[in-house]
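*Asks:* Kindly return the folded structure for what I paste below:
(one chain, ligands or ions: 3)
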Amino acid sequence: MLILGIETSCDETGVALYHTERGLLAHALFSQVAIHADYGGVVPELASRDHVRKLLPLIEQILAEAGLARADIEGIAYTAGPGLVGALMVGGAVAHALGFSMSIPVLGVHHMEGHLLAPMLEQNPPAFPFVALLVSGGHTQLVQVSGIGEYILLGESVDDAAGEAFDKTAKMLGLDYPGGPRVAALAEKGQAGRYRFPRPMTDRPGLDFSFSGLKTFTLNTVNAARAAGDLGDQTRADIALAFESAVVDTLAIKCKRALQLTGCKRLVIAGGVSANTRLRAGLETMTAKLGASVFYARPEFCTDNGAMIAYAGAQRLRAGQQDGDRIAAVPRWPLDTLPPLNQRCDD
Ligand code: ATP
Ligand code: MG
Ligand code: FE
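*Replies:* Ligands and ions are numbered 1, 2, ... in the order given. Presented below is the predicted three-dimensional model:
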């Protein structure tokens, strides 16, 4: 079954063609980062308009790349939420219009289920059950996953998401958005041990996270260095490294707890921050000690993309799930309310 996937939840227009037997056939992404750069954040109306501008040309582009025609598409999956409602509506409207005109099934997909299943597109996909760490710009969650749509929320951030903390730290250090990769690159030149940042909420039991205190700690450190006339390149790199190490340690401590609590031997990391090299290395070390393993997607499928939506949608469309006549656009949508697929496969 050939599925067209459409992602328009925020500031990235993503499309992909995924075939349930032949795998991923083509994908493309257009980032609106330059459009929003002058405003210091994503402007919802500009985002919606640009999705309108880019979506159909991108779909034509991947069809051409795959040597396929529109008529070959057998199902359409689009991101129905969570996200910016206007941006979501663009993807949903295109999906439903195409689907209606071609009499093929259409399904609204949960953006975080897309992220969570993205590692399934890789060579060595994780088997169920596993623990998933979702670390993106808007979410930091630990989820127990026993099958598609079988999600138990184990813990989440009580304030900022990890990606958001990276983006704000980048701003404090004079780096552009998206901050994650830039902070990581700067941290490469940092000297370990000059600063020690807190590991929030690791000294008490539980699987929740908090990153807003860490952000304040970073701000205070930056301000103190500036006041001392010592905010040169080396200091900024040392701060970036101290911040990144604190985030990685904190996430690793909570992931270890979650694996021990559930008895799971597989950890999946997904979302933009899962592209972070130091996080991957930290989790490799932690899981190896537990006799467990860690799975993640290639970097371009950690951040927003159409492939993850095509894949997640393909699983559900193949099982017969589909939308009615209405476009779904759900700004807030808890992951654990999704219906199961009953693809259970216990250890
Ligand atoms: P959500 O998925 O929660 O709705 P989002 O779609 O904006 O939010 P993603 O696209 O999954 O989030 O990820 C973007 C985030 O990932 C940004 O905060 C970015 O800074 C962060 N990020 C990307 N690459 C890295 C990296 N190498 N290291 C750390 N953070 C990174
Ligand atoms: Mg984004
Ligand atoms: Fe995302």
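
*Asks:* what's the distance between Ala162 and Ala127?
*Replies:* Using CB to CB, to the nearest Å, Ala162 is found at 26 Å from Ala127. For every residue, glycine as well, the C-beta is placed using N, CA and C.

*Asks:* And these two? Which one has more around it.
*Replies:* Ala162 (29 against 11; other CB atoms under 10 Å).

*Asks:* How is this protein divided into domains?
*Replies:* 2-117+302-337, 128-296 (the TED database).

*Asks:* Which one, of these, ends up nearest to ligand 2?
*Replies:* domain 2-117+302-337 (4.6 Å; CB to the ion).

*Asks:* The closest one: end-to-end distance?
*Replies:* 27 Å (CA to CA, to the nearest Å).

*Asks:* Quick one: mean pLDDT over that domain.
*Replies:* Mean per-residue pLDDT for domain 2-117+302-337: 98.

*Asks:* Near the nearest residue to His27 once chain neighbours are set aside, how many other residues are there?
*Replies:* Excluding its sequence neighbours, the residue lying closest to His27 (CB to CB, 6 or more residues apart in numbering) is Ala16, at 3.7 Å. Look at Ala16: counted by other CB under 10 Å, it has 31 neighbours.

*Asks:* Correct me if wrong, but Ala16 is in a strand.
*Replies:* Yes. Ala16 forms part of a strand when assessed by DSSP: H, G, I helix; E, B strand; the rest coil.

*Asks:* That one bridge partners, please.
*Replies:* Counting by DSSP bridges, Ala16 forms beta bridges with Gly5, His27.

*Asks:* which residues sit in contact with it?
*Replies:* 4-5, 24, 26-28, 62, 305-307, 309-311 (CB atoms under 8 Å, 6 or more residues apart in numbering).

*Asks:* Tell me how many other residues surround the nearest residue to His36 once chain neighbours are set aside.
*Replies:* Leaving aside its sequence neighbours, His36 sits nearest to Val42 (CB to CB, 6+ apart; 5.0 Å). Residue neighbour count, defined by other CB under 10 Å, stands at 17 for Val42.

*Asks:* My read is that Val42 contacts Asp11, right?
*Replies:* Yes. Counting by CB atoms under 8 Å, Val42 does reach Asp11; the two are 4.8 Å apart.

*Asks:* between those two, what contacts are shared?
*Replies:* 32, 36.

*Asks:* how close does the residue nearest to His27 sit to ligand 3?
*Replies:* Per CB to the ion, to the nearest Å, Ala16 is found 15 Å from ligand 3.

*Asks:* same check, this time on Val15
*Replies:* If you go by CB to the ion, the gap between Val15 and ligand 3 works out to 15 Å.

*Asks:* Phi and psi next, for the residue in the stretch 151-300 of the chain that ligand 3 sits nearest to.
*Replies:* For the stretch 151-300 of the chain and ligand 3, the shortest gap (CB to the ion) falls at Gly271, measuring 6.1 Å. Dihedral pair for Gly271: phi 100, psi 160, per degrees, to the nearest 10.

*Asks:* Quickly note the distance from it to Arg226.
*Replies:* Taken as CB to CB, the span from Gly271 to Arg226 is 32 Å.

*Asks:* Compare those two and say which one has the larger neighbour count.
*Replies:* Each of Gly271 and Arg226 has its neighbours counted (other CB under 10 Å); Gly271 has more, 30 against 12.

*Asks:* tell me the contacts of the nearest residue to the more buried one once chain neighbours are set aside?
*Replies:* Using CB to CB, 6+ apart and skipping residues adjacent in sequence, the residue nearest Gly271 is Ser136, 3.1 Å away. Shown in contact with Ser136 (CB under 8 Å, 6+ apart): 112, 115, 161-163, 270-273, 303.

*Asks:* Please repeat the previous calculation with a cut-off of 10 Å.
*Replies:* Residues counted as contacts of Ser136 (CB atoms under 10 Å, 6 or more residues apart in numbering) are 111-112, 115, 161-164, 180, 270-274, 302-304.

*Asks:* Contact residues of the stretch 51-200 of the chain facing ligand 3?
*Replies:* Ser136 (CB under 5 Å from the ion).

*Asks:* quick one, helices of the stretch 51-200 of the chain?
*Replies:* Ranges of helices in the stretch 51-200 of the chain, per DSSP state H, counting those that start in this stretch, are 85-102, 111-117, 162-172, 179-187.

*Asks:* winner for burial among those?
*Replies:* Burial of the helices of the stretch 51-200 of the chain is given as mean neighbour count (mean count of other CB atoms under 10 Å); helix 111-117 ranks first at a mean of 27.

*Asks:* ok, and does that one reach over to ligand 2?
*Replies:* No. Using CB under 5 Å from the ion, helix 111-117 stays clear of ligand 2, with a minimum separation of 10.3 Å.

*Asks:* Sounds good, over and out.
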